[in-house]
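Undergrad: Build me a model:
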Amino acid sequence: MLETLVLTDKIILQIKFQPNHQAAISMKNKILKCINIKFAIFFILNLVLLIVFWAYLISFNAKYENTQIYLIENTAISFGFSLLYPFIINIIPSAFRMISLDKESPNKDCLYSTSKIIQIL
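TA: A predicted model of the protein is given here:
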């Protein structure tokens, strides 16, 4: 869903490789309409899914009242982890790359290769 509805980089690159300016402008108008439709479908689909999940949670909490506190705790932990996780994933490879750029570092190539491997993981 994400690749087909949101990622537009491949479509925009098609405009860049047009042979002349007039073809690029005509293609740009077509692609902008297509992108607007894709984004509208994506946001409507997300809204529908959020409403369905919201209804499911309300019915779950209405049926099992004793689990509401655990559900709130687990949701808060999951939300906090999802905010913290990208920082950890991006800081570790960048720290290795900064160290590998140091002039006095003896293992420049090894540290840079390690940062690339960590980034892939």
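Undergrad: From now on I want contacts and neighbour counts done on CA atoms only, so please keep to that.
TA: OK.
Undergrad: Quickly find the element holding the residue of the chain most remote from its centre.
TA: Centroid-distance maximum for the chain: Glu104 at 36.2 Å, with Cα atoms, centre = their mean. Using DSSP states H and E, Glu104 sits in no helix or strand.
Undergrad: Begin at 453 from now on, thanks
TA: All right, first residue 453 from here; so that's Glu556.
Undergrad: ranges for the strands of the protein?
TA: In the chain, no segments count as strands under DSSP state E.
Undergrad: so where is it shaky, pLDDT-wise?
TA: Scanning the chain for pLDDT under 70 picks out 453-454, 557.
Undergrad: and it, what are its domains?
TA: 453-515, 518-573 (automatic domain parsing).
Undergrad: residues near Tyr564, how many?
TA: 20 (other Cα atoms under 10 Å).
Undergrad: Identify the residues contacting it.
TA: Applying Cα atoms under 8 Å, 6 or more residues apart in numbering, we find Tyr564 in contact with 548-549, 552.
Undergrad: got CSV for the residues you listed, with distance to Gln520 and neighbour count too?
TA: Below are the contacts of Tyr564 laid out as CSV (distance: Cα to Cα, whole Å; neighbours: other Cα atoms under 10 Å):
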residue, distance to Gln520, neighbour count
Phe548, 43, 19
Arg549, 45, 19
Ser552, 49, 21
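Undergrad: Mind checking which of those residues are in helices?
TA: 548-549, 552 (DSSP state H).
Undergrad: And stretch 565-573, what's buried?
TA: By neighbour count with 16 or more other Cα atoms under 10 Å, stretch 565-573 contains the buried residues 566-567.
Undergrad: And the contacts of it?
TA: 541-542, 544-546, 548-549.
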